[in-house]
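[1] Build the 3D model from these lines:
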Amino acid sequence: GLVIPQEPLVSVLKKFDGISFTDAVNKSGAAQKRRYRLVSLPSHLILHLARFKTNSYSKEKNPTIVAFPVKNLDLSQYVHRPEGREKL
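    Model prediction:
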């Protein structure tokens, strides 16, 4: 049968750990590496996950299911703290 891939939310959020670099293309078309950091967490968080990729021929949907924890979602490990500041 058809197997739909599943990914935990923590792997999706790895992009925001402040350590990992992501390949990106800037406005002029040059390749570059980017690092993303969260400085603070909002009182309400809305995540928009890009599920479609468009190439010159078609639009493809990413079928991966992202598993969200229903309770006790702790995102404090993704908040960047400058040296000398306490954790939440």
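[2] mind listing the helices in the chain by residue range?
    9-12 (DSSP state H).
[3] can you tell me how far the residue sitting nearest the centre point of it sits from Y57?
    Nearest to the mean C-alpha position of the chain, counting by CA atoms, centre = their mean, stands L13 at 3.9 Å. Per CB to CB, to the nearest Å, L13 is found 31 Å from Y57. Backbone N, C-alpha and C define where each C-beta goes, glycine included.
[4] re the thing from before, surely the residue nearest to the centre of the chain and D74 touch.
    No - at 11.1 Å, L13 does not count as touching D74 under the criterion of CB atoms under 8 Å.
[5] circling back to that earlier point, what is the burial count for the closest residue to the residue nearest to the centre of the chain other than its chain neighbours?
    In this structure, L13 finds its nearest non-sequential neighbour in Y78, 5.7 Å apart by CB to CB, 6 or more residues apart in numbering. Y78 has 17 neighbouring residues, counting by other CB atoms under 10 Å.
[6] pretty sure Y78 contacts I19?
    No - if you go by CB under 8 Å, Y78 and I19 don't touch, sitting 10.5 Å apart.
[7] confidence score at the closest residue to V39 other than its chain neighbours?
    Of all residues not flanking V39 in the chain, H80 sits nearest, at 6.0 Å (CB to CB, 6+ apart). Per-residue pLDDT puts H80 at 80.
[8] which residues touch H80?
    G18, R37, L38, V39 (CB atoms under 8 Å, 6 or more residues apart in numbering).
[9] What separation is there between it and I46?
    20 Å.
[10] do the same with E60
    According to CB to CB, E60 and I46 sit 24 Å apart.
[11] More neighbours: those two, which one.
    E60 (11 against 5).
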